[in-house]
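Visitor: I'd like to go over a predicted model; first the sequence, then the structure.
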Amino acid sequence: MENPAYMLSVVIPAYNEALVLPRCLRSLRDQDYQGEYEVIVVDNGSTDGTGEVARRFGAIVVHCRQKGVAYAREVGLQSAKGEILVQCDADNVMPPNWLSKIASHFETHPEDAGLSGDAHYQDEPLWHRPFSLINRWLNQISHRWLRCPMSILAANFAARREALIAAGGYNLNLPQCGDELDLLLRLKGIGSVTYDPHLIMETSSRRFRGRFWQFLLSDVLYSTAVGLLLQRITRRPIRISRKNVREEAFARRPRPWAWRPRVAISAVVILMVISGTLVYGFFVPTSEAFGKVYYASKIHEKVVALTFDDGPNEPYTSQILDILHQYDVKATFFVVGRNVEYYPETTRRIIAEGHVVGNHSWNHSAVQPIVDRRDLDLARSQRAIKQVAGVEPHLFRPPFGRKTPWEMKQLRKQDMVVVTWSVSANDPRQPPPSVIAGRVVKRTKSGAIILLHDGNETIHGGNRTNTVAALPLIIEILTREGYTFVTVPELLKVDPYLH
């Protein structure tokens, strides 16, 4: 990389890592990056001379007495001088071009707040290989379609220092578990996070050896799912009581989770039930597992509500408004806060012509509801809508229809009515107008809430030509079948705006 633009700070949290740290530090010393970089080892209360080993290799050593990887990383962040903060673990071995690839990515992607890579595990247990493969696939799919990975690897991750600080740094309420997911979701609100499957380092598989049940139940279920949920509800730090994996790996102690088969089977069943409930409640738009959701009205009259998501988005929102005016139909527009600020006149026109505006989040993040920042996201979007249009929506539609218990709790506190849908045209990818109209007409019943899109998440917009072309077909066919159109507040008999 010519004329490197960034100084990098590599932060390594370390607790009793004297045996493995030398290989990591050698690989960092042998990097081909021509720019300036520093290596900071955060000694998290080691008793085996970890700090002395780090100093022999020229690393900066800072001390963090409070146990927990999040505490150590936060100390590293506060000590770092670089514009890019790079995370790795003490048992990592990085290829020579690792730092060069990271610096080059941020140079060519100024909009990115974070960059996550992948890992090759030495002597990876056979049982863990499917987990690695599935995680890699999910990250690739999520990054391609949602422009954000499903997860990040804390041992191979980099972020702009200013973005980390703007996101609030590391979550000290998650000192030992769930910190990667939490960090991803908070950074996503600052800027894009990229997943690069070719940014690979090598690391030990000690965290998995002889730990199948502990990995499945403690690391995956408790740490990532239940632990994060409990922390959001109780607001208390979540800790795990298992032994340190470094001690387990080197001492080869008896496995504490080597349970009898009957107990193991029971645990798996419980895991499946809990996971199934969480997945159903989160992904299914009509699910009321976490609280009241309105997706239709139980009425016998042939009345339906047209709704449009992700706008305003020009010229398509105005074209839709023209069609609705032509047919004297009122609709409900679930708007994205950022788009409201970008198209204020369109937002005001929606309300002036008798339609209703609902809140559809600030930036339409697919993973925002997982982290407990919906209150900030909701307030920011409400504030933007009120400043532009003079109203505070009473209705909220979660992006992609995804919900979490803490999100629903926050929405109840704000007296918001959560609305999803019973009929989807599935039009974001813009099939032909006849297909869009056919899907709607085929699935519509009395009291239906119909989902269409006039935008595509944020101000980058999206071509909605086919949705615009399908709208007259939908209105004409449903009118012939005896349906009338109302707004969602009229259908549900609720106030459209907060007073």
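Guide: Perfect, I can see it now.
Visitor: Gln414 contacts Asp377, doesn't it?
Guide: No. The criterion here is C-beta atoms under 8 Å, and Gln414 misses it with Asp377 at 11.4 Å. C-betas here are computed from N, CA, C, even on glycine.
Visitor: Between the two, which has more neighbouring residues?
Guide: Taking other C-beta atoms under 10 Å, Gln414 and Asp377 do not tie; Asp377 has more neighbours (23 against 17).
Visitor: List the residues that contact the more buried one.
Guide: By C-beta atoms under 8 Å, 6 or more residues apart in numbering, the contact list for Asp377 reads Gly189, Ser361, Trp362, Asn363, Ser365, Gln368.
Visitor: Compute the distance between the third one and Glu111, please.
Guide: Between Trp362 and Glu111 the distance is 17 Å, computed by C-beta to C-beta, to the nearest Å.
Visitor: Pick out whichever of those two has more residues nearby.
Guide: Neighbour totals were compared for Trp362 and Glu111, and Trp362 leads with 26 against 7 (other C-beta under 10 Å).
Visitor: Among the contacts of Asp377, which pair sits farthest apart?
Guide: Greatest spacing in the contacts of Asp377, by C-beta to C-beta: Gly189 and Ser361 (10.5 Å).
Visitor: quick one, which of those two is more surrounded?
Guide: The neighbour count for Gly189 versus Ser361, taken as other C-beta under 10 Å, is higher for Ser361 (24 against 21).
Visitor: Is it possible to get JSON lines of the contacts of Asp377 that adds pLDDT?
Guide: Output for these, formatted as JSON lines (pLDDT from 0 to 100):
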{"residue": "Gly189", "pLDDT": "81"}
{"residue": "Ser361", "pLDDT": "92"}
{"residue": "Trp362", "pLDDT": "91"}
{"residue": "Asn363", "pLDDT": "87"}
{"residue": "Ser365", "pLDDT": "78"}
{"residue": "Gln368", "pLDDT": "58"}
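Visitor: Name the nearest of those relative to Pro96.
Guide: Gly189 (34.1 Å).
Visitor: The closest one reaches Arg380, doesn't it?
Guide: No. Using C-beta under 8 Å, Gly189 is not in contact with Arg380; the gap is 9.5 Å.
Visitor: So in the chain, where's the weakest helix or strand by average pLDDT?
Guide: Of all helical and strand segments in the chain, the minimum by mean pLDDT, DSSP states H and E falls on helix 245-251, at a mean of 43.
Visitor: Is Gln31 in contact with Trp98, as I believe?
Guide: Yes. Judged on C-beta under 8 Å, Gln31 makes contact with Trp98 at a distance of 6.4 Å.
Visitor: More neighbours: the two, which one.
Guide: Between Gln31 and Trp98, counting by other C-beta under 10 Å, Trp98 is the more crowded of the two (26 against 19).
Visitor: residues in contact with Val440?
Guide: Applying C-beta under 8 Å, 6+ apart to Val440 gives the contacts Val423, Ala425, Ile450, Leu452, Ala470, Ile474, Leu478.
Visitor: Surely it forms part of a strand?
Guide: No. Applying DSSP: H, G, I helix; E, B strand; the rest coil, one finds Val440 to be helix, outside a strand.
Visitor: what comes up buried for stretch 143-157?
Guide: His143, Arg147, Cys148, Pro149, Met150, Ser151, Ile152, Leu153, Ala154, Ala155, Asn156, Phe157 (16 or more other C-beta atoms under 10 Å).
Visitor: Need those residues in a markdown table (columns: pLDDT and secondary structure).
Guide: Compiled in a markdown table, the buried residues of stretch 143-157 are given as follows (pLDDT from 0 to 100; DSSP: H, G, I helix; E, B strand; the rest coil):
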| residue | pLDDT | secondary structure |
| --- | --- | --- |
| His143 | 78 | helix |
| Arg147 | 78 | coil |
| Cys148 | 82 | coil |
| Pro149 | 86 | coil |
| Met150 | 81 | coil |
| Ser151 | 81 | coil |
| Ile152 | 86 | coil |
| Leu153 | 88 | coil |
| Ala154 | 87 | coil |
| Ala155 | 91 | coil |
| Asn156 | 94 | strand |
| Phe157 | 96 | strand |
